[in-house]
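Asker: Can you look at this prediction? I've put the sequence above it.
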Amino acid sequence: GATIGILGGGQLGRMLSVAASRLGFKTHIYEPGANPPAADVAHAVTTAPYEDEAALRAFAETVDVITYEFENIPTSALDILESLRPIRPNRRALAVSQDRLTEKAFLTDLGLKTAAFAAVDDAVDLAEAIAEIGTPAILKTRRFGYDGKGQSRLKSPEDAGKALADMAGAPSILEGFVNFTHEVSVIGTRSIDGQVACFDPGENVHRDGILHTTTVPANLTASQKMDAVLLTAKILNALKYVGTMGVELFVTPQGLIVNEIAPRVHNSGHWTQNGCAIDQFEQHIRAVAGWPLGDGKRHSDVVMENLIGADMDRVPDIAKEPNAALHLYGKAETKPGRKMGHVNRITP
Ligand code: ATP
Ligand code: MG
Ligand code: MG
């Protein structure tokens with residue numbers, strides 16, 4: 001069987017490895033950090049920094065195709081890897097989604113709606129951006145933000161100084177505050193030959209900036225659901241994307257607004273593990289391996305709950321619940337804010 005190389009050894013890499021293994025593939029994980037959750041289930045692991053050219057080359061030579069579970073891979077590493085093996089999804093998908101400014105420019109060029117936005121590098125930019133966009137607004141670092149980190153909310157223009165200090169000099173973007181009724185996401189996959197399949201949209205609730213629950217079906221009209229799926233397909237096709245992507249959307253009375261895209265399997269798609277015969281991880285592996293996509297039709301209603309930090313104390317009780325499928329990541333240490341696992345509660 002073929003071997004799939006995965007950049008990143010977190011829980012997403014772990015669940016990708018399990019899906020790959022089920023289809024008869026081997027996986028080789030490349031991860032700079034020690035004891036990655038994916039190591040327990042992968043067939044091979046390289047522990048080395050992304051600056052280690054020899055390690056990157058040796059890794060690439062053992063695999064047939066390279067994919068990733070993490071979008072912040074340095075360009076220099078990608079250059080080396082790409083000279084040896086195909087990278088799927090492609091480099092453009094990564095470049096577009098690594099930077100919130102490039103991402104928003106790409107989305108608006110496609111004719112999709114985003115929050116109002118402006119690049120902010122200093123106090124002058126910020127004053128201009130506030131004059132243009134108004135408040136409330138959110139200042140975000142352009143790169144490396146996740147789980148709501150690297151963001152500062154401005155209730156009024158007086159919050160500018162604090163918000164700028166929160167960015168600590170990092171290139172940033174001011175976003176107008178979107179008055180959404182709720183948040184949904186679409187997990188979509190595109191195959192090498194251009195077949196597109198989207199899972200049912202899920203409705204997302206965040207707590208302290210971190211995804212708390214995803215519920216399917218989402219509260220959407222038939223036409224909103226159609227819009228959500230069509231705009232996801234548009235993004236996948238525009239990027240000639242191969243693999244699974246997460247598209248986060250704000251639902252407003254004026255229509256759907258794209259918040260951000262993630263060029264990988266996505267936390268809000270974990271419900272598919274117990275809601276569909278073929279889940280987001282298998283769809284991703286199928287796509288990057290050049291297979292046809294599977295049928296991701298939803299067979300059950302699901303509420304996915306993330307188990308974060310001390311939520312792990314509830315695992316013994318959750319384990320007694322009927323129709324609750326636990327997925328634990330095997331992380332050695334529990335820390336506040338750390339994603340330790342999730343539970344999919346299904347209504348059969
Ligand atoms: P993730 O962990 O999903 O990658 P992130 O750190 O990249 O998160 P965002 O998705 O940009 O952050 O923002 C986190 C949450 O903050 C959103 O899901 C939404 O609830 C809220 N939010 C972000 N941007 C806006 C906005 N422009 N208007 C209103 N709410 C927003
Ligand atoms: Mg994000
Ligand atoms: Mg987000």
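Answerer: Happy to help now that I have it. Ligands and ions are numbered 1, 2, ... in the order given.

Asker: ok, so what distance separates Tyr146 from Ala2?
Answerer: 30 Å (C-beta to C-beta, to the nearest Å). Using the backbone N, CA and C atoms, a C-beta is placed for each residue, glycine as well.

Asker: what about stretch 233-246, how long is it end to end?
Answerer: This stretch, stretch 233-246, spans 11 Å end to end (C-alpha to C-alpha, to the nearest Å).

Asker: dump the residue contacts of Ala116.
Answerer: The contact partners of Ala116, taken as C-beta atoms under 8 Å, 6 or more residues apart in numbering, are Glu132, Ile133, Glu175, Gly176.

Asker: Flag every residue of the stretch 1-150 of the chain that's near ligand 1.
Answerer: Residues of the stretch 1-150 of the chain found near ligand 1 (C-beta under 6 Å from any ligand atom) are Ala115, Ile138, Gly145, Tyr146, Asp147, Gly148, Lys149.

Asker: Give the buried subset of those as a PyMOL selection command.
Answerer: Here is the PyMOL command that selects only those of these that count as buried (16 or more other C-beta atoms under 10 Å):
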select buried, resi 115+138+145+147
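
Asker: Now for the contacts of Ala116: which two are most distant?
Answerer: Glu132 and Glu175 (11.9 Å; C-beta to C-beta).

Asker: So those two - more neighbours on which side?
Answerer: Glu175 (21 against 12; other C-beta atoms under 10 Å).

Asker: The residues of the stretch 1-150 of the chain next to ligand 1 into a markdown table, with extra columns for distance to Glu260, secondary structure and pLDDT?
Answerer: Formatted as a markdown table, those follow (distance: C-beta to C-beta, whole Å; DSSP: H, G, I helix; E, B strand; the rest coil; pLDDT from 0 to 100):
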| residue | distance to Glu260 | secondary structure | pLDDT |
| --- | --- | --- | --- |
| Ala115 | 10 | coil | 98 |
| Ile138 | 12 | strand | 98 |
| Gly145 | 9 | coil | 93 |
| Tyr146 | 10 | coil | 92 |
| Asp147 | 12 | coil | 90 |
| Gly148 | 12 | coil | 92 |
| Lys149 | 14 | coil | 94 |
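
Asker: Let me see the contact set for the residue lying closest to Asp147 once chain neighbours are set aside.
Answerer: Leaving aside its sequence neighbours, Asp147 sits nearest to Ile210 (C-beta to C-beta, 6 or more residues apart in numbering; 4.7 Å). For Ile210, the contact set (C-beta under 8 Å, 6+ apart) comprises Asp147, Gly148, Asn306, Ile308, Gly337, Lys339.

Asker: ok, now Leu220?
Answerer: Leu220 touches Val184, Pro201, Glu203, Ala228, Val251, counting by C-beta under 8 Å, 6+ apart.

Asker: which residues of the stretch 1-150 of the chain fall in strands?
Answerer: Using DSSP state E, counting those that start in this stretch, the strands found in the stretch 1-150 of the chain span residues 3-7, 26-30, 44-46, 65-68, 117-120, 137-141.
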